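Asks: Pasting the sequence and the predicted model now:
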Amino acid sequence: MQSTGFGFITQFHAMASPCEVLINSTDKRLAKKVGQAIANEAWRIEDKYSRYLSTSICAKINASNGKPVSLDEETYKLLDFARQCFLMSDGAFDITSGVLANAWTFDGSDNIPEQDKIQPLLKYIGFDQITLTANSVTLNQGMAIDFGGIGKEYAVDTSLLIAKSLTSLPVLINFGGDIAASSKLRNGNPWQVGIEHPGFVNSTSEKLPPLVVSISTGALATSGDARRFLLKDGKRYSHVLNPKTGYSIVGAPKSITVTAPNCIQAGFIATLALLQGKQAEQFLQQQDIGHWCIW
Amino acid sequence: MQLTEKIELANQPRLAKNKAKNLKSLLTAATCSLLGTTVPANGQSQAEENQWQFDTALMYYGESDRVTAVEGIIAATKEFDDEEFLSLKLTIDSLTGASANGAVAQPYVQTFARPSGKGTFAVPSGETPLDDTFKDTRLQVNASWTRPLTTDYTISTGLHASKEYDYLSLGLNASLTRDFNKKNTTVAIGFAAFYDEIEPEGGIPNPLAILPNPQTTAFDDSHRIGSSDNKTTIDVLLGVTQVINRRAIMQLNYSFSMVDGYLTDPFKIVSSVDELGVTQHQIYEKRPDSRQKHSVFWQTKYHFTSTVVDFSYRYLWDDWEINSHTFDVRYRIPLGTGYIEPHLRYYMQEAAEFYRPFINQDDVSPSYVSADYRVGEMNAYTLGFKYGMPLKNGQELSFRIEYYQQDPENPGYELPGVLQEVDLFESVEALIAQISYSF
């Protein structure tokens, strides 16, 4: 934790991202308490939902081999939210699409997989094949889930709720570019947030300046390539894959930042927009939602 | 190259149009259940803050051969920080046509003086006498301000004013609601007061006085007792709203209303007939100068998998002995990108104790009397449907069309002589059409 011009900033590492909590207060004890509570929350969610930790509920579900796995209320709600995202997006947003990583490796090379590598994986994709009840979830054999698209955003939202329960002073949470603020600064100004786009130095010769966005309340989320893409014949294959065809989305913006009342909403819309490829901007305009696209 | 372009396009999952447009509201609902909070309501991001929400409507109401009304409504709501709401509503309606003046039909042409006392009009044989001078434009303004007091209490205050050619109404109201049980139970207490003033053209007629002979063109002032009169209304409401489960919500209200002052309709008259049913003369109606109304209202909304049923029942009783029952059912069915909502309403009312379709000239003159069909016995039906279609950015356009029929009944008076040959309890049919646009 360190002191800054506006108050205190607490930094830690969670969910493979640098995380920070900003509080607009000179009360050091309060800042420490809020920062600690939020770091604990981020680590709690990482431990619970990371698919790389064998003790997580996510790993347990993925190793269930077609058998039902019992659920606590939070996990049920999160899965139910993922199910609603699947329905709202007509299957475009699907937390079961992670198995495609067996065919695609986004290492910046031109290594585009053959159709016969993708095809056999498609039968393991589709949230509609999951049986979800309030107490249990059952996946078909070979299927797996991944909270990648919503987990970090969810952690931002629950952390902000914790912050609000501890203080009414302005707090901003930033978990690797997924951001939420409880209120504008005490001087009435909005928070100024710079959103960096690492990796873009590859595609354009000059490094892009960070995008500066004002936020008073609500949330921001960014979805984009970063360093994860393939390049073949001058065409950029994004790491976002269409769950229905198993194929990479071509022509999408490199990065999309969206504002919404909650971070999880912003994250979902940003990912869904990326899935629209060339129509991403048009889709966002139709949603009448604040957004920034980098092409 | 062309082929790859095609594949790329086909490869991009496209949202069904209806889903794409409604995403924001769907997502808000989904997030609410995930985070279990009301964050979306007060945590609007900057871009969407402080915007006015408008509801506009244009309504047509047309009775066959009688009243035609056209009404325009524009309502605006603005949310400020901390769940504070300001609502403003402007209503303009215009009425034209004729309404029954209370006199009985006769098997001959009848001539009446206009309510203003200026001029006469004739009613053909066998027809219900209608006063055709009915023409007015009303302007109505309502404002309300709602804000949370503490986490559980919400207070709302409002003002009302309406003005038409011969009528002024002013009102104020306040209500307090308290949430219990994680906002699953809401208890409300409300209060309203109104002051109404009527200034009919030609003045306030002397109740129970015999109407001047329409043939006398000179206006006779002895039948008028003043130029204007007024009434006051006090309303008290108690209500409970209960969330039963994820699918059902129920509301129960009790309200008490006390009205004092001039409650008579200066334009209504009563025919005095002889033993053959022939009109001898007409008198001005007279109603008691106070009325106490009670009503209970019960409403249930039930959300099936995709449809919503909304049922309500109201029982109203008062010291004029006008007891009424209203049953109302709406059933909302998704249709294409929008919805269709059939509506059925049934209303039945008993007559006021002083209601007489006419009086016999030999009877002792009553203390109070009215032949206004609106305080008589009646059944009424409404049958219709509404079609709503969501537009871009959460806007909605809807159309409503309804058929209304009102059947006045004879509460048991014997009809002497010629009154048996005419229709004293004529049905009124009306068509209602409305277009609403919310943005």
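Replies: That came in fine, so what should we check first?

Asks: What about the closest residue to B:Val278 other than its chain neighbours, how many residues nearby?
Replies: Spatial nearest neighbour of B:Val278, excluding adjacent residues (CB to CB, 6 or more residues apart in numbering or on different chains): B:Val418 at 6.0 Å. Backbone N, C-alpha and C define where each C-beta goes, glycine included. Per other CB atoms under 10 Å in any protein chain shown, the neighbour tally for B:Val418 reads 19.

Asks: Equivalent analysis for B:Val259, please.
Replies: Neighbour count of B:Val259, defined by other CB under 10 Å: 20.

Asks: list the helices and strands the helix or strand hosting it packs on?
Replies: If you go by DSSP states H and E, B:Val259 is part of strand B:248-261. Where contact means 3 or more CB pairs under 8 Å, 6 or more residues apart in numbering or on different chains; DSSP states H and E, strand B:248-261 is packed against strand B:229-243, strand B:290-303.

Asks: partners of the first one, with directions?
Replies: Yep, that's strand B:229-243 we're talking about. Partner strands for strand B:229-243, per DSSP bridges, with pairing direction: strand B:185-198 (antiparallel), strand B:248-261 (antiparallel).

Asks: Next: the last one.
Replies: The pairing partners recorded for strand B:290-303 under DSSP bridges are strand B:248-261 (antiparallel), strand B:308-318 (antiparallel).

Asks: Relative to the whole chain's centre, how far out is that strand?
Replies: Distance of strand B:290-303 from the chain centroid (CA atoms, centre = their mean, to the nearest Å) equals 14 Å.

Asks: Run through who's touching it.
Replies: Applying CB atoms under 8 Å, 6 or more residues apart in numbering or on different chains, the contact partners of strand B:290-303 are B:246-261, B:263, B:308-320.

Asks: quick check: domain ranges of chain B?
Replies: B:1-49, B:50-438 (automatic domain parsing).

Asks: can I get the ones you listed in TSV with mean pLDDT?
Replies: As requested, those are exported to TSV (pLDDT from 0 to 100):
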stretch	mean pLDDT
domain B:1-49	53
domain B:50-438	90
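
Asks: Generate CSV for those domains, with distance to A:Ala221 as supplementary columns.
Replies: Shown next, in CSV, are the domains of chain B (distance: least, CB to CB, whole Å):
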stretch, distance to A:Ala221
domain B:1-49, 11
domain B:50-438, 21
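
Asks: mind checking which of those is nearest A:Ala155?
Replies: Nearest of those to A:Ala155, taken as CB to CB: domain B:1-49 at 11.7 Å.

Asks: of all the residues in the stretch 101-250 of chain A, which ones are close to chain B?
Replies: Residues of the stretch 101-250 of chain A lying close to chain B by CB under 8 Å from any CB of the partner chain are A:154, A:157-158, A:161, A:190, A:214-219, A:242-245, A:247, A:249-250.

Asks: Just the buried residues of those residues.
Replies: Neighbour counting by 16 or more other CB atoms under 10 Å in any protein chain shown classes A:154, A:157-158, A:161, A:190, A:215-219, A:242-245, A:247, A:249-250 among those as buried.

Asks: Looking at those residues, which are in strands?
Replies: For these, the ones inside strands are A:215, A:218-219, A:249-250, with DSSP state E as the criterion.

Asks: As CSV, the residues you listed with pLDDT would be great.
Replies: Converted to CSV, these look like this (pLDDT from 0 to 100):
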residue, pLDDT
A:Ile215, 86
A:Gly218, 89
A:Ala219, 92
A:Ile249, 81
A:Val250, 79
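
Asks: wait, which of those residues is closest to B:Thr31?
Replies: Nearest to B:Thr31 among these is A:Ala219, at 10.4 Å by CB to CB.

Asks: Would you confirm that the closest one contacts A:Asn262?
Replies: Yes - at 5.4 Å, A:Ala219 counts as touching A:Asn262 under the criterion of CB atoms under 8 Å.

Asks: The stretch 51-200 of chain A: helices as residue ranges?
Replies: With helices called from DSSP state H, counting those that start in this stretch, the stretch 51-200 of chain A shows them at A:57-62, A:73-88, A:115-118, A:151-166.

Asks: Can you tell me which of those helices is most buried?
Replies: Most buried of those by mean neighbour count (mean count of other CB atoms under 10 Å in any protein chain shown) is helix A:151-166; its value is a mean of 22.

Asks: Show me how far that one is from its chain's centre.
Replies: 14 Å.

Asks: Packing partners of that helix?
Replies: Against helix A:151-166 (3+ CB pairs under 8 Å, 6+ apart) you get strand A:17-23, helix A:28-49, strand A:171-175, strand A:178-181, strand A:218-224, helix A:263-274, helix B:17-35.

Asks: Any chance of the ones you listed in JSON lines with distance to A:Gln141 as columns?
Replies: As requested, these are arranged in JSON lines below (distance: least, CB to CB, whole Å):
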{"stretch": "strand A:17-23", "distance to A:Gln141": "32"}
{"stretch": "helix A:28-49", "distance to A:Gln141": "22"}
{"stretch": "strand A:171-175", "distance to A:Gln141": "34"}
{"stretch": "strand A:178-181", "distance to A:Gln141": "33"}
{"stretch": "strand A:218-224", "distance to A:Gln141": "30"}
{"stretch": "helix A:263-274", "distance to A:Gln141": "27"}
{"stretch": "helix B:17-35", "distance to A:Gln141": "28"}
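
Asks: quick one, which of these is nearest to B:Glu409?
Replies: Across those, closest to B:Glu409 is helix B:17-35 (CB to CB), at 46.3 Å.

Asks: Who does residue 250 form a beta bridge with?
Replies: Here I'm looking at chain A. A:Tyr237.

Asks: actually chain B
Replies: Under the criterion used (DSSP bridges), B:Met250 bridges to B:Gln242, B:Thr300.

Asks: measure it to B:Tyr313 for me?
Replies: As judged by CB to CB, to the nearest Å, B:Met250 and B:Tyr313 stand 12 Å apart.

Asks: Which residue is the nearest non-sequential neighbour of B:Ser162?
Replies: B:Gln140 (3.8 Å).

Asks: May I see the buried residues of the host helix or strand of B:Thr96?
Replies: Element membership for B:Thr96, per DSSP H and E: strand B:84-100. Within strand B:84-100, the residues scored as buried using 16+ other CB under 10 Å are B:87, B:89, B:91, B:93, B:95, B:97-100.

Asks: quick one: pLDDT of A:Val213?
Replies: According to the prediction, A:Val213 has pLDDT 79.

Asks: for the helices of the stretch 51-200 of chain A, which one sits closest to A:Gly234?
Replies: A:Gly234 sits nearest to helix A:115-118 of all these, at 21.3 Å, using CB to CB.

Asks: Run the chain-centre distance for stretch B:392-402.
Replies: That offset, for stretch B:392-402, works out to 21 Å (CA atoms, centre = their mean).

Asks: now swap in stretch B:430-439 and tell me
Replies: With CA atoms, centre = their mean, you get 14 Å for stretch B:430-439.
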